[in-house]
Each structure stands twice: as structure tokens, then as C-alpha cells.
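The following comprises the amino acid sequence and a computationally predicted model.
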Amino acid sequence: MDTMIAALHNCNLSASQFIISILRSQQYNGHHVVEDLLVHCDEIFDAFIDHPSRGAETLQHTNQAMREQYIKEIKSISSEEAGWHFGPSHTTTQQVEDFNIEEMGREMQSCAPALWDLLGFLLGADSSCKAKDADADIIMDEVHDEYDSYWDDLDDIDLEGLINGLSSGTTPDGNKQTERCTAIVTILW
């Protein structure tokens, strides 16, 4: 260890300068020292967190870095360019009917992986112990009958009437279900 410290000193490099430089330099991509650092980055990171003089600050810095990553990913997937931007007052019946939550999930998983992992963790989807299907999606527990009947009821909603009601403020066909939905949306809006 002393020989390495002396070598860094003789090159006028601190340990941090050496590590930062070798990791950021394209010249050393694939170098066995870089590969070793990358393979052991979890252990290195844990050593920083466990260090008595800087552990709390390291953890705080990491939390801030993750918050920034989540914000970046949220902005990315919610932008108009991502294709999932939703304007309820300008939405057509066809757009609502064509909406596919599975497709949105796949896109979110590929475009916002850190956010996807966070949501999975918060929702209790421990990917390390759950069975996965052929697409590597976690197989969720069986859905209760009450949830099935809820979605069956939603299938009966007249989406076109609902959207027309939202845009005009009245329901053209006098449908009670549509009127109720319009009233709820009006209350929430």
C-alpha cells in the first residue's frame, strides 16, 4: 500500500485524481485497472458509506444524485417528445381507447430504468424473488375478483359521451353514468 501511495505522490497525483482520471479517460476504457474498479464499485461505494468520517455525507450526496436522476427521467418520459404527454381537454376517444398501459410500462422501463426500479421497490415488486415471464416481466399475484368486476364496469363506460361531456360541459344523450363521470371530473377539476 505504501508503495502505491509513494508512486502517486511521485506523479503528483492524489488517489482521487487518479481514480477520476482513469475512469473518465477514453484511453483507459477496457484497461484491467478500470475493469477492476467497475467490477468492485459496490464494495468501494460501501467503503465510502461505512467510513466513520464521511459516511453520512456520502449517503446524502448519493441521495441527491438519485433524486436528480429521477427528476431527469420523469422529465424525459413526461415530455411531449416521449409521446405520453396527456392533455385531457384535447384528447380524442380514439386516443383513450388506444391507450396501452403495458406498452407504457415497457417504454418507461427502457427509458427511465432508475425510476422503474424505484416504483417497483415502492410497490413491493422485489424482482430478485419473483417469477418472471418470457419477456422478463415480473409475474404479479392473482388479481382479486372485485378488481376484475371494477374493470368490467369501466369497459361499459361510453368514452365518446364522456369526452364530449367533458368538452361541452353537458351530456348529449342524457346517460346517467356519463353525467356522473362528468360531475366527478368537474368537481375534481
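Structure received.

if I've got this straight, residue 84 is in a helix?
No. Residue 84 sits outside any helix when classified using DSSP: H, G, I helix; E, B strand; the rest coil, being coil.

Contacts only, for it.
By C-beta atoms under 8 Å, 6 or more residues apart in numbering, the contact list for residue 84 reads 77, 78, 104, 107. C-beta coordinates here come from the backbone N, C-alpha and C atoms, glycine included.

Just the buried subset of these, please.
With burial judged by 16 or more other C-beta atoms under 10 Å, the buried subset of the contacts of residue 84 is residue 77.

of the contacts of residue 84, closest to residue 66?
Minimum distance to residue 66 across these is 16.4 Å, recorded for residue 77 (C-beta to C-beta).

Surely the closest one and residue 109 touch.
No. In this structure, residue 77 is not within contact of residue 109 by C-beta atoms under 8 Å, at 10.4 Å.

Among the contacts of residue 84, which ones are in helices?
77, 78, 104, 107 (DSSP state H).

pLDDT score for the first one?
pLDDT, residue 77: 86.

Burial check on residue 113, number of neighbours?
12 (other C-beta atoms under 10 Å).

how about the helices in the chain?
Going by DSSP H, the chain shows helices at 2-10, 15-24, 32-39, 41-50, 55-78, 93-98, 101-111, 113-122, 145-155, 159-168, 176-188.

got the buried residues for the fourth one?
Same thing as helix 41-50. Under 16+ other C-beta under 10 Å, helix 41-50 has no buried positions.

same thing with the longest one?
The neighbour-count criterion (16+ other C-beta under 10 Å) identifies 58, 73, 77 as the buried residues of helix 55-78.

Please list all residues in contact with the second one.
Applying C-beta under 8 Å, 6+ apart, we find residue 73 in contact with 111, 112, 113, 114, 115.
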